[in-house]
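Participant: Structure, please.
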Amino acid sequence: MKRVHEDMDEDGVEPTVACCGCGVLIVPNSMMKCAICLKSDVDVAKDISRSVVIDYCKECNSYLNHAGRWMPAELESRELLGICLKKVKGINKDCKLVDASFIWTEEHSKRLKIRITIQKEVASAAVLQQSLVVEFIVQGNQCPKCKKAWTPHAFNAIVQVRQKVSHRRTFFYLEQRILKNGEHEKVLSISESHQGLDFMFAQRSHAQRFADFVQACVPTKQKQSRHLISHDTKSNIYNYKYTVMCDLCTLCVDDLIYIPPNAREAFGGVAALMVCYKVSTTIHLVDPTTLKGYDIPSIEYFKKPLESVCQRHHLTEYVVLNVEKIDAPPPAGTPAKHNIAGRHKMALAEIEVARTADLGQNDERIIVKSHLGNALRTGDKVMGYDVRAINVCGTHSEVLDDMKPDVVLVRKGYKKKQRGSRDWTLRRLQKDKEEGWMADEDKLAEDMEEFKEDLEQDPTLRAGINLYHDPRKTDKAEPVAANDDDSEDDDEEDRPEVPLAELLEGLRLEEAV
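Facilitator: Sure thing, here's the model as predicted:
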């Protein structure tokens with residue numbers, strides 16, 4: 001109150017000054033102008049957009065708001081007014097919106113007009129208010145939902161095949177089974193990504209048949225879903241896109257599997273660590289120390305999934321120093337549970353091995369019980385898991401520490417062939433890579449080489465696959481250079497090969513791999 005009295009004269013009347021523009025007496029302000037002069041000199045609506053484009057979908061009567069979302073709204077409704085005002089640029093905390101209302105326009109004119117009133121402080125204690133008309137141009141566009149309803153879709157059903165492993169050998173095997181049985185004839189397109197493969201079909205029945213074929217090749221868990229594309233409420237017609245999710249078993253050949261205590265009792269008292277030697281419609285496991293086996297059906301596996309402690313990238317190469325066969329103990333419990341399909345190919349033996357990398361450095365030798373008694377002889381190479389040197393994390397490390405196995409032998413080892421040295425090749429499916437996915441070509445080529453080695457070593461695996469004579473190879477055998485190393489010659493002779501009688505003709509170069 002003391003400050004107010006200072007600004008007033010002795011009679012209590014505020015002092016006045018003449019406007020610098022028109023000379024009218026006004027209360028002093030920072031610009032020394034009256035309201036009329038301020039309004040004529042300052043345009044508070046200069047930053048307000050007068051013409052705005054707004055997208056409208058006539059199919060669902062919705063408008064595109066400032067956040068990029070489609071919202072349904074009627075003409076001259078509060079919802080439409082809010083969508084329009086959010087698109088007007090220049091309205092902020094300095095320029096406040098006081099009032100807004102629609103101005104009637106013809107419905108088919110594709111124009112919306114709104115009269116807005118704004119206020120803005122241009123000087124100290126000087127606030128200007130102004131009204132203006134903003135015109136909105138209605139632009140026809142389709143929202144994503146309407147695009148799905150009106151777009152002629154290339155496929156009506158999709159089968160997504162997934163496997164949560166670090167390699168793609170299972171996908172290569174599945175691809176060859178598809179080619180041999182002609183299951184790719186109904187496929188419209190195939191998309192490949194780091195997660196797996198997507199197969200598109202025109203009809204739902206074709207997709208379901210294909211999913212059943214995948215389940216007949218590899219242990220699979222199916223999950224079906226559908227997505228509504230469009231519907232007609234008058235005729236009660238609904239259009240859906242169907243998806244079949246095929247989750248493949250994560251256990252692969254040569255994996256070291258950990259069996260939990262509750263599962264061991266259900267399996268009939270098997271060991272805690274078992275080796276997976278075959279995967280078909282069921283999972284075939286064997287205990288390398290006792291030659292006991294168990295076959296896990298697909299349904300039973302997905303009820304209580306098992307985990308692999310070690311995979312192929314953990315394998316270590318050993319040299320066989322001595323092989324002594326021993327009698328396997330009689331199976332306990334129900335004999336049917338321990339009847340191994342390839343029992344005649346396996347024999348229990350005590351095998352003395354030494355790590356190849358340690359030859360010439362130390363004399364460490366290890367005696368291991370293994371199921372590879374019939375496959376190995378002195379001087380052979382064998383692949384196994386050196387549990388003492390494998391680094392695993394989590395509960396897997398605790399499992400290996402409790403069991404304390406030294407070495408678990410898995411398979412006989414052979415010298416790897418050079419790429420392109422085989423006389424046979426495989427057909428491939430034409431696949432489109434997912435946008436944004438950069439495939440690791442070296443890793444894919446390495447997985448394909450391992451898959452071809454599996455085909456050479458396992459006749460039952462290639463029984464369901466078509467192998468073709470490579471047209472790039474000549475029929476004449478090239479002379480082999482003399483080699484003084486007898487061990488390398490023995491390795492070449494002992495290496496399993498695909499018989500020429502199993503190779504087919506008629507493969508084109510663009511289909512080969």
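Participant: Other residues contacting the lengthiest strand in the chain?
Facilitator: Ranked by residue count and defined by DSSP state E, the top strand of the chain is strand 126-140. The contact list for strand 126-140 (C-beta atoms under 8 Å, 6 or more residues apart in numbering) reads 29-31, 35, 38-39, 42, 44-45, 48-58, 84, 87-88, 98, 103, 110-122. C-beta: built from backbone N, CA, C; applies to glycine.
Participant: mind listing what's buried in it?
Facilitator: Buried positions in strand 126-140, judged by neighbour count with 16 or more other C-beta atoms under 10 Å: 126, 128, 130, 134, 136, 138.
Participant: pull the CA atoms of it into PDB?
Facilitator: Extracted C-alpha coordinates of strand 126-140, given in PDB (Å, rounded to 0.1, in the frame of the first residue of the first chain):
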ATOM      1  CA  ALA A 126      -0.700  -4.800 -21.100                       C
ATOM      2  CA  VAL A 127      -2.700  -7.900 -22.400                       C
ATOM      3  CA  LEU A 128      -4.200  -8.000 -25.900                       C
ATOM      4  CA  GLN A 129      -7.000 -10.200 -27.000                       C
ATOM      5  CA  GLN A 130      -7.800 -11.000 -30.700                       C
ATOM      6  CA  SER A 131     -10.100 -13.300 -32.600                       C
ATOM      7  CA  LEU A 132      -9.300 -15.000 -35.800                       C
ATOM      8  CA  VAL A 133     -10.500 -17.800 -38.100                       C
ATOM      9  CA  VAL A 134      -8.500 -21.000 -38.700                       C
ATOM     10  CA  GLU A 135      -9.400 -23.100 -41.800                       C
ATOM     11  CA  PHE A 136      -8.800 -26.800 -41.800                       C
ATOM     12  CA  ILE A 137      -8.500 -28.700 -45.100                       C
ATOM     13  CA  VAL A 138      -9.900 -32.200 -44.800                       C
ATOM     14  CA  GLN A 139      -7.700 -34.600 -46.600                       C
ATOM     15  CA  GLY A 140      -8.900 -38.100 -47.300                       C
END
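Participant: Okay, now the sheet partners of it, with direction.
Facilitator: strand 51-57 (parallel), strand 111-123 (antiparallel) (DSSP bridges).
Participant: Centre of the chain to the longest one, how far?
Facilitator: Pointing back at strand 111-123 there. Put simply, strand 111-123 sits 51 Å off its chain's centre (C-alpha atoms, centre = their mean, to the nearest Å).
Participant: Identify all contacting residues around it.
Facilitator: For strand 111-123, using C-beta under 8 Å, 6+ apart, the contacting residues are 29-31, 38, 42, 44-45, 48, 54, 80-81, 84-85, 88, 91, 94-103, 105, 127-138.
Participant: and if you look at the first one?
Facilitator: Judged by C-beta under 8 Å, 6+ apart, the contacts made with strand 51-57 from elsewhere in the structure are 62-64, 70, 83-84, 87-89, 112, 134-143, 146.
Participant: so what does the very next helix or strand once past it touch, helix or strand wise?
Facilitator: With elements assigned by DSSP states H and E, the helix or strand that comes after strand 51-57 is strand 62-64. The contact analysis (3 or more C-beta pairs under 8 Å, 6 or more residues apart in numbering; DSSP states H and E) places strand 62-64 against strand 51-57, strand 70-72.
Participant: Dump the ones you listed into a markdown table; add mean neighbour count, mean pLDDT and distance to E502 as well.
Facilitator: Below are the helices and strands packed on strand 62-64 laid out as a markdown table (neighbours: other C-beta atoms under 10 Å; pLDDT from 0 to 100; distance: least, C-beta to C-beta, whole Å):
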| stretch | mean neighbour count | mean pLDDT | distance to E502 |
| --- | --- | --- | --- |
| strand 51-57 | 15 | 92 | 60 |
| strand 70-72 | 15 | 91 | 59 |
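Participant: quick one, helices of the stretch 101-250 of the chain?
Facilitator: Using DSSP state H, counting those that start in this stretch, the helices of the stretch 101-250 of the chain run over residues 144-150, 169-181, 204-217.
Participant: Would you mark the buried spots in stretch 90-97?
Facilitator: 90-91, 95.
Participant: Equivalent analysis for stretch 78-86, please.
Facilitator: 80-81, 83-85.
Participant: So which residues make contact with it?
Facilitator: By C-beta under 8 Å, 6+ apart, stretch 78-86 touches 52, 54, 63, 65-66, 71-74, 91, 97, 100, 102, 112, 114, 116, 134, 136.
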